[in-house]
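Enquirer: The following block contains a protein sequence and its predicted model.
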Amino acid sequence: MEELLSTFMRAVFVDNMLFAYYLGMCSFLAVSKNVKTALGLGIAVTFILVCTLPINYMLENYVLKEGALSWLGAEYAGVNLSFLSLLIFIAVIASFVQLVEMVIERYAPALYTSLGIFLPLIAVNCAILGGSLFMQQKAFANAGVATVYGLGSGIGWLLAIVGMAAIREKLTYSNIPKPLKGLGITFIITGLMGIGFMCFSGLKI
């Protein structure tokens, strides 16, 4: 239980996908103009991370990496399919993105319209692929830890984009110098939020 809590808290605050690694910045900057839209995209990203990380973990450990196929017999113990990991991870992610896109289009057409091209682009969102690659790098003990890491990473990304959207909505009524309006002030705020999240890096979790 302690390991799961530590993994979750680190994924949300210390190893935040956006403010620690700046992954998924294209969607973050483009969609963070409205809180409702940002919340919808954040939930979609979280759902895909939670679903794809345990699947990719099991594929990595029982199919792809060297010796993973030993459960089929001793003659498969030396098989190494790790060169296919990137393709397999992207295929799994793209499948779930397609599913999420169909569900949102069916039950939340207004959100589907507001997200526009950025909904199908979740398939190539580097934050989601980064979650699977970090999972591969960190070599988690089991699929449960990988799932918790996916949940924490998704919630961290969700908090970041909703926080930015809330700030940008307030900026509409602020007196910002013309050269900084739009992406200029957004980049500055992103940097400041990143510095703020760096405070969590000293936590012993």
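Expert: Yep, it's here.
Enquirer: Distance from the least confident helix or strand in the chain by mean pLDDT to the middle of the chain?
Expert: Counting by mean pLDDT, DSSP states H and E, the weakest-scoring helix or strand in the chain turns out to be helix 109-115, with a mean of 81. Once both centres are worked out by Cα atoms, centre = their mean, to the nearest Å, helix 109-115 turns out to sit 20 Å from its chain's centre.
Enquirer: go on, stretch 149-166?
Expert: On Cα atoms, centre = their mean, the centre of stretch 149-166 falls 8 Å from that of its chain.
Enquirer: any idea of the mean pLDDT in it?
Expert: Stretch 149-166 shows a mean pLDDT of 94.
Enquirer: Using CSV, write out every CA atom in it.
Expert: What follows is stretch 149-166, C-alpha atoms only, in CSV (Å, rounded to 0.1, in the frame of the first residue of the first chain):
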residue,chain,number,x,y,z
TYR,A,149,1.3,5.3,-12.0
GLY,A,150,-0.9,5.9,-15.0
LEU,A,151,-3.7,7.3,-12.7
GLY,A,152,-1.3,9.6,-11.0
SER,A,153,0.3,10.8,-14.2
GLY,A,154,-3.2,11.4,-15.7
ILE,A,155,-4.4,13.4,-12.6
GLY,A,156,-1.2,15.4,-12.6
TRP,A,157,-1.7,16.3,-16.3
LEU,A,158,-5.4,17.1,-15.5
LEU,A,159,-4.6,19.4,-12.6
ALA,A,160,-2.0,21.2,-14.8
ILE,A,161,-4.3,21.9,-17.8
VAL,A,162,-7.4,22.8,-15.6
GLY,A,163,-5.2,25.1,-13.5
MET,A,164,-3.9,26.8,-16.6
ALA,A,165,-7.4,27.1,-18.1
ALA,A,166,-8.7,28.7,-14.9
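Enquirer: Make residue 1 into 383 and carry on from there
Expert: With 383 as the first residue, the last one maps to stretch 531-548.
Enquirer: Surely residue 540 and residue 426 touch.
Expert: No - counting by Cβ atoms under 8 Å, residue 540 stays clear of residue 426, with 9.5 Å between them. C-beta: built from backbone N, CA, C; applies to glycine.
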